[in-house]
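K.L.:
Fold the following, please.
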Amino acid sequence: MKDFSYSHPTKIIFGAGKISELGKLTKEYGCRCLLVTNPKKPALEPLYSKARTLLEAEGIAVGCFHGVIPNPTTHSVAEGAKAAKAFQADVLVPIGGGSSIDTAKAIAVEATHNGSAWDYLFFKGNPVKDPLPVVAITTTSGSGANLTCVGVISNPEEKCKSALADPSLYPRATIVDPELMTTLPAHITASTGFDAFCHAFESYISIHSSPYADVLALEAIRLIVKYMPRVLKNGDDQEAREAMALADTFAGLCISNVGVALPHGIGMTIGGYYPNVMHGEALAIVYPEFTRFTYNSAVERFASVARIFDRRAETDSDEDAAYKLCCFIDQFLKEAGMWLNLKGFGVVEADVEKIARDTFVLPDYANNPRVPDEQEVLTMLKASYTR
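P.N.:
Just a heads-up that it's a prediction; the model follows:
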């Protein structure tokens, strides 16, 4: 039995209708709340209004920052920090997907520390102390950001996507209400759902895997394989939405303790150069090459996941089942409309070598069962260019 440790400080409030607890929950952490959201859109306005009403019913003063952008940048975070300081916020409530929650984590640092959030990236050694508390409301099933101490932001000038990472950045609490996810468009459902799959799968095959996280990872994978096709056919399928939300929660708990592997390092780098690529899309681009590069170094674990996709693989040898998983994931991506390539997102061929080089700035590659060199990453990217 492998030794392990496991801890998680975020209070999880899970279930349909649980948004109703927002006011009382937030009041535990502050009385001047800044909502951190995407720009106002007709589909989102009822949720934002409901959040404000619930907070104000508890006597909480509410301000709003509606400046979240996909792949949040140092600029958007700076605007949010300015809003937080002007409002004298003492608690942040992001509403949305990973971009909203990551923005809030970075604001939590920049509004309470000297300099910018970029000065506090995980490898810079500057201590993070007493950032603003965050109560996260997730409206997607995929980022896992509501359950980690990592906040991902990009610096457009440096063409770099990196992360803050500190235990103080765990959200104090998160509400996971599947009813908030029913209006999510199909492609975003697919992109975030595949991200959740990657979180679970990469923690399961990681060299840092643990018996406790393995249980959560395998259940998350089972739920996603079963329910993501259903929710893509019918976004109003509440049972499928609940299952995907639970899978995302389990996968988030996995990566908060185990971390991710090679594809996330490559995907983050792609997003740094090309912010128009959603994180789940970047992962989908590299996964077919990644699985074929890796499966021989984690045969038993690949085989176990193959048998979740198709029980007929139970009669195969582990070696055959492990290879079949590469094909199963290919088909899963195709059926989800996620069979993608770099060229389709306008990636310039000359940037591929830079992406391969900068993949090694982040430590994720080192968690992979088979650690690549730069040339091997470049080979994967070239094969992903016009797939």
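K.L.:
Specify the beta-bridge partners of the closest residue to residue 73 other than its chain neighbours.
P.N.:
Computed as Cβ to Cβ, 6 or more residues apart in numbering, the closest residue to residue 73 that is not its neighbour in sequence is residue 154, at 5.0 Å. All C-beta atoms are positioned from the backbone trio N, CA, C, and that covers glycine. On the basis of DSSP bridges, residue 154 is bridged to residue 73, residue 161.
K.L.:
longest single helix anywhere in this protein?
P.N.:
Looking across the chain with DSSP state H, the single longest helix is helix 211-233.
K.L.:
Strands along the stretch 251-387 of the chain, start to end?
P.N.:
Taking DSSP state E, counting those that start in this stretch to define them, one finds no strands in the stretch 251-387 of the chain.
K.L.:
For the longest helix of the chain, name the packing helices and strands.
P.N.:
helix 186-205, helix 238-257, helix 299-309 (3 or more Cβ pairs under 8 Å, 6 or more residues apart in numbering; DSSP states H and E).
K.L.:
Flag the shaky bits of the stretch 1-150 of the chain, pLDDT-wise.
P.N.:
Within the stretch 1-150 of the chain, not a single segment meets pLDDT under 70.
K.L.:
Residue 8 in helix, strand or coil?
P.N.:
coil (DSSP: H, G, I helix; E, B strand; the rest coil).
K.L.:
Please identify the buried residues of stretch 228-245?
P.N.:
228, 231-232, 235, 237, 240-245 (16 or more other Cβ atoms under 10 Å).
K.L.:
And for that stretch, what's in contact with it?
P.N.:
14, 16, 138, 141, 176-179, 181-186, 189-190, 193-194, 196-197, 223-224, 226-227, 335-337 (Cβ atoms under 8 Å, 6 or more residues apart in numbering).
K.L.:
Could you rerun that using 6 Å?
P.N.:
Residues outside stretch 228-245 that contact it (Cβ atoms under 6 Å, 6 or more residues apart in numbering): 141, 176, 178, 181-182, 186, 189-190, 193, 223, 227.
K.L.:
Can you give me the domain boundaries for this protein?
P.N.:
11-180, 184-383 (automatic domain parsing).
K.L.:
Pull up the distance across the shortest one, start to finish.
P.N.:
End-to-end distance for domain 11-180: 19 Å, by Cα to Cα, to the nearest Å.
K.L.:
And for stretch 178-188?
P.N.:
15 Å.
K.L.:
So which of the helices and strands packed on helix 211-233 is nearest residue 275?
P.N.:
helix 186-205 (14.4 Å; Cβ to Cβ).
K.L.:
Let me know the next secondary structure element after the strand or helix carrying residue 106.
P.N.:
Residue 106 is located in helix 98-110, with elements delineated by DSSP states H and E. Next along the chain after helix 98-110, taking DSSP H and E as the criterion, comes strand 135-138.
K.L.:
Parallel or antiparallel, which strands does that following strand pair with?
P.N.:
strand 91-96 (parallel), strand 173-176 (parallel).
K.L.:
Touching that strand from outside, list them.
P.N.:
26, 93-95, 101, 146, 171, 173-176.
K.L.:
Could you check how far the closest residue to residue 204 other than its chain neighbours is from residue 158?
P.N.:
Taking Cβ to Cβ, 6+ apart, and ignoring the residues beside it in sequence, residue 204 has residue 217 as its nearest neighbour in space, at 4.0 Å. Distance, residue 217 to residue 158, by Cβ to Cβ, to the nearest Å: 33 Å.
K.L.:
More neighbours: the two, which one.
P.N.:
residue 217 (29 against 12; other Cβ atoms under 10 Å).
K.L.:
need the contact list for the more buried one.
P.N.:
Residue 217 makes contacts with 200, 203-204, 254, as judged by Cβ under 6 Å, 6+ apart.
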